[in-house]
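**Student:** What follows is a protein structure lacking sequence information:
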Ligand SMILES: Nc1nc2c(ncn2[C@@H]2O[C@@H]3COP(=O)(O)O[C@H]4[C@@H](O)[C@H](n5cnc6c(=O)[nH]c(N)nc65)O[C@@H]4COP(=O)(O)O[C@H]3[C@H]2O)c(=O)[nH]1
């Protein structure tokens, strides 16, 4: 073999080996290409010629177009939306900005559908940095992309679900840090999702409490416990404070997340939270309602549609005194005392209006109890089943209080009679219906000298007297008539449909009934009353007018001697003015020297001697002339001026006695009238004693005339004064004897010198056998008790003759002498004494 041949053989061998090697590499390349499913491309930037491996040409359907493979063909297949990014990536690499070209984009296949490819390549550059060749490979990642999109979609779905869930979700990683939370969790803790992220249960920020209100440390939180132990925790109740202080109650459940690989290692924790704040609030409300139901003092009944009791609270059960089982299924309205018709009315009212309330009566242990009952028709929440809620409360006390308040406002607490306010309303109402046929009569009743009784016998007796007087007035008027206590000792009776005659009879009945003696606390008390009458429509049409006129008439009755009734007429108003004038002038009268004394002698017709002289007060009024004591003494008594007036009189009389004693040797006793009120003066005796000493007069020269009414008021002061005056040596006589209804025992108990038979018995003694009998009886009584007897107001010889016949020797009256000036008295006594001598 030649050397050439050897070389050729060697080359051929080498060539064969290279071919074999090439074939080997080519197969490896094609195999790996086929296995990787990747495609190859090779691009000449200068010619734009593009090589694409065969399988990818087929994949993309480029076989026909690639006869003259060109970059523009490739570009035309790239999805227009992706092309700019692809170009940018390519240029970046060609400009040397990137080490490698890489792009993911969609490329259209022959059938118009797109596949997504991941394209990578690298260029070779010449010395001038111009690309001379670029090659790369591409992978069909459509499936991966689809999978990724599916995953993303799933994730999106999941996220949407989590975001929409009313339950809060919290995911902790294995370190205990919060990885994920949904909006419901954010809401319940009052933080944004971002604020929650990265926190841990141990974060001091959390303010969590147990259901009992005690603090809930983070280390005990279910998420933390589950993380540490791997154990799930269920239905844990906790209260979480939001940063603005709101307390939300949540129910937490925690589950461990195990690592997918081992299923043992704790990968994290998922905690779900249910906001149970509303539920807790409702439970609280329910519990509160239950407590209210159980503990309310008012009764609560729940009744079914037939108004039968299905539930009753303890207050109601207790109020019945029965066992609950007895009450249940009872008809509710039968618990109350009412007529069947009334029950029907209530039922209908509740059905029509959905509600009824009113007062019902229940009887328990024979005791009546008044309930305020309120029945409400209602439906349950999940349907239209009707039931009734019945609330009832015991208003017996309240009704009683209301009655008492009503009584206090409209009734007099002492006598139980209607009061002034009640009278004003009644009269106003009556006057609305006034007509000529219906005369309305107002009778004002004022008890005479009640103040004296009150002051002397005390308020307790005074009160008792008023109560008894009220009862008496009520019994003598018709039940349909109205009587009230105006206050103090004043009453008003309103009677209608009566004429004057009937009115007169009524007032007489009132006067008589009041005069009957009262026995109070062992004392026998006599009173009289003065009545003033006004009539509508004659005397007036308004309440004010009628009351004013009744008042005027009443004062007139008092002025006329009390114990009488007086109809109003216009003259009376004039008298009323007169009363005021007297009252106002009295003060000045005492200090201004307008008061003076006249003296009326008392005679013994047997001995023809002056046995005594009565001092009688007179008032020389600057306008009205000489006023008699019967005009001003009652006013002085009413106003309290009687005391100073009495002392004034005493002083003048004592001075006069002293004067007379200088000239007259056997001066007869000088009688002085003392008002019952003066006997209530504790200093009376001392005062008299001082005067006796001051004027150096004999005590027995003084005689004090006391009316029976003074003895009626058996107060300690009165009795002490009577005894005190007697002990001084003064004489005591009983004035107006027979007019009072007094207990005569005082005649024995006190040193009475003389009884003076009242003028009223003498006036008609000739014709009135009763008067005669009384006078006779008094004379006998005086004889029996060895007391001097004197008849007052003897004006005629006939009267004198009758008295003589009865054996009454002592006389005072105009028949013998009127009251005289002291000077005339001096002369008279001197005359009599010289005649005797
Ligand atoms: N028509 C008539 N009247 C006669 C006759 N005889 C006497 N009188 C009157 O009868 C009254 C007798 O006085 P009295 O019964 O003590 O009744 C007295 C007495 O209770 C009271 N009184 C008089 N002066 C005083 C006084 O200084 N103090 C007190 N507390 N009361 C006095 O006033 C009453 C009335 O006194 P007077 O008007 O002075 O009226 C006197 C007298 O003037 C008569 O024949 N016919």
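**Tutor:** Everything's here; your move. What you see is a predicted model, and the numbers here were worked out from it, not measured in a lab.
**Student:** rest of the way, CA atoms for contacts and neighbours
**Tutor:** Will do.
**Student:** Now do the helices in the stretch 301-450 of the chain.
**Tutor:** Taking DSSP state H, counting those that start in this stretch, the helices of the stretch 301-450 of the chain run over residues 314-320, 324-327, 340-353, 396-410, 420-432, 450-457.
**Student:** which helices and strands does the third one pack with?
**Tutor:** Applying 3 or more C-alpha pairs under 8 Å, 6 or more residues apart in numbering; DSSP states H and E, one finds that helix 340-353 makes contact with strand 355-364, strand 367-379.
**Student:** The fifth one now?
**Tutor:** Taking 3+ C-alpha pairs under 8 Å, 6+ apart as contact, the helices and strands that helix 420-432 lies on are helix 396-410, strand 482-487, helix 543-559.
**Student:** isn't residue 565 right up against residue 554?
**Tutor:** Yes: assessed by C-alpha atoms under 8 Å, residue 565 is found in contact with residue 554 at 7.2 Å.
**Student:** Mutual contacts of these two, please.
**Tutor:** 530-533 (C-alpha atoms under 8 Å, 6 or more residues apart in numbering).
**Student:** Now do the buried residues in the longest helix along the chain.
**Tutor:** Using DSSP state H to define each element, the chain has its longest helix at helix 3-36. Using 16 or more other C-alpha atoms under 10 Å as the test for burial, helix 3-36 gives residue 33.
**Student:** Output the set of residues of the protein in proximity to the ligand.
**Tutor:** 616-617, 628-630, 646, 649, 673-675, 736, 792-795, 812-814, 819 (C-alpha under 6 Å from any ligand atom).
**Student:** So which of the residues you listed are in strands?
**Tutor:** Among the residues of the chain next to the ligand, the members found in strands (DSSP state E) are 616-617, 673-674, 736, 792, 812.
**Student:** Just the closest of those residues to residue 114, please.
**Tutor:** Distance to residue 114 across those (C-alpha to C-alpha) is lowest for residue 674, with 143.5 Å.
**Student:** Where does the record place the domain boundaries for the protein?
**Tutor:** Under the assignment the TED database, the domains of the chain span 36-146, 165-282, 296-399, 417-568, 602-829.
**Student:** Could I get those in a markdown table, plus columns for distance to residue 13 and mean pLDDT?
**Tutor:** Putting the domains of the chain into a markdown table (distance: least, C-alpha to C-alpha, whole Å; pLDDT from 0 to 100) gives the following:
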| stretch | distance to residue 13 | mean pLDDT |
| --- | --- | --- |
| domain 36-146 | 30 | 87 |
| domain 165-282 | 57 | 90 |
| domain 296-399 | 101 | 85 |
| domain 417-568 | 151 | 90 |
| domain 602-829 | 171 | 89 |
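**Student:** out of the helices and strands packed on helix 340-353, which comes closest to residue 315?
**Tutor:** Comparing the helices and strands packed on helix 340-353 by their distance to residue 315 (C-alpha to C-alpha), the top pick is strand 367-379, with 12.8 Å.
**Student:** List the contacts of that closest one.
**Tutor:** 350-351, 354-363, 385-396, 399.
**Student:** Show me how far it is from its chain's centre.
**Tutor:** Centroid displacement of strand 367-379 relative to its chain, using C-alpha atoms, centre = their mean, to the nearest Å, is 21 Å.
**Student:** Neighbouring strands - and their directions - for that strand?
**Tutor:** strand 355-364 (antiparallel), strand 386-394 (antiparallel) (DSSP bridges).
**Student:** neighbour count winner among residue 565 and residue 554?
**Tutor:** residue 554 (30 against 25; other C-alpha atoms under 10 Å).
**Student:** Please look at that one and residue 563 and confirm they touch.
**Tutor:** No: contact between residue 554 and residue 563 fails when scored by C-alpha under 8 Å: they sit 10.3 Å apart.
**Student:** joint contacts of those two?
**Tutor:** Contacts common to residue 554 and residue 563, judged by C-alpha under 8 Å, 6+ apart, are 530-531.
**Student:** can I get the helices of the stretch 301-450 of the chain in TSV with distance to residue 374 and mean neighbour count?
**Tutor:** Formatted as TSV, the helices of the stretch 301-450 of the chain follow (distance: least, C-alpha to C-alpha, whole Å; neighbours: other C-alpha atoms under 10 Å):
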stretch	distance to residue 374	mean neighbour count
helix 314-320	14	18
helix 324-327	19	14
helix 340-353	10	13
helix 396-410	16	13
helix 420-432	33	16
helix 450-457	52	20
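**Student:** So which of these is nearest residue 702?
**Tutor:** Nearest of those (C-alpha to C-alpha): helix 450-457, 24.8 Å.
**Student:** thinking again about what came up before, and of the shared contacts of residue 565 and residue 554, the nearest to the ligand?
**Tutor:** Nearest to the ligand among the shared contacts of residue 565 and residue 554 is residue 530, at 18.5 Å by C-alpha to the nearest ligand atom.
**Student:** which residues does the closest one contact?
**Tutor:** 445-448, 511, 554-555, 557-558, 562-566.
**Student:** do that again at 10 Å, thanks
**Tutor:** 443-448, 490, 507, 511, 553-566 (C-alpha atoms under 10 Å, 6 or more residues apart in numbering).
**Student:** Just the buried residues of the residues you listed.
**Tutor:** Using 16+ other C-alpha under 10 Å as the threshold, 443-448, 490, 507, 511, 553-559, 562-566 are the buried ones among those.
**Student:** related to what we said a few turns ago, JSON lines please, covering the helices and strands packed on helix 420-432 and showing distance to residue 707.
**Tutor:** Shown next, in JSON lines, are the helices and strands packed on helix 420-432 (distance: least, C-alpha to C-alpha, whole Å):
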{"stretch": "helix 396-410", "distance to residue 707": "39"}
{"stretch": "strand 482-487", "distance to residue 707": "28"}
{"stretch": "helix 543-559", "distance to residue 707": "18"}
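**Student:** Next, count neighbours for the residue in the stretch 51-200 of the chain that the ligand sits nearest to.
**Tutor:** Nearest residue of the stretch 51-200 of the chain to the ligand (C-alpha to the nearest ligand atom) works out as residue 190 at 98.4 Å. When neighbours are defined as other C-alpha under 10 Å, residue 190 has 21 of them.
**Student:** can you check the one 10 residues further on too?
**Tutor:** Under the neighbour criterion other C-alpha under 10 Å, residue 200 is assigned a count of 20.
**Student:** My read is that it contacts residue 269, right?
**Tutor:** No: Residue 200 sits out of contact with residue 269 when judged by C-alpha atoms under 10 Å, with a separation of 11.7 Å.
**Student:** Spit out the residues that contact those two alike.
**Tutor:** With C-alpha under 10 Å, 6+ apart, residue 200 and residue 269 have common neighbours 172-173, 175-179, 223-224.
**Student:** which one of the residues you listed is nearest residue 431?
**Tutor:** For the shared contacts of residue 200 and residue 269, the nearest to residue 431 is residue 223 (88.8 Å; C-alpha to C-alpha).
**Student:** Any chance of the backbone angles for the closest residue to that closest one other than its chain neighbours?
**Tutor:** Excluding the flanking residues, the one nearest residue 223 by C-alpha to C-alpha, 6 or more residues apart in numbering is residue 254, at 5.7 Å. For residue 254, the backbone dihedrals (degrees, to the nearest 10) come out as phi -120, psi 140.
**Student:** what sits against residue 254?
**Tutor:** Contact partners of residue 254, counting by C-alpha under 10 Å, 6+ apart, are 169-171, 221-227, 230-236, 269-273.
**Student:** Filter those residues down to the buried ones.
**Tutor:** By 16+ other C-alpha under 10 Å, those give 169-171, 221-227, 230, 232-233, 269-273 as buried.
**Student:** just the angle between whichever helix or strand comes after the longest helix of the chain and helix 3-36, please?
**Tutor:** Following helix 3-36 in sequence order, the next helix or strand is strand 38-43 (DSSP states H and E). Here strand 38-43 runs at an angle of 120 degrees relative to helix 3-36 (axes from the mean of the first three to the mean of the last three C-alpha atoms, to 10 degrees).
**Student:** Run through the neighbouring helices and strands of the next helix or strand after strand 38-43.
**Tutor:** Per DSSP H and E, the first helix or strand lying C-terminal to strand 38-43 is strand 50-52. Packing contacts for strand 50-52, counted by 3 or more C-alpha pairs under 10 Å, 6 or more residues apart in numbering; DSSP states H and E, involve strand 38-43, helix 71-77, strand 131-140.
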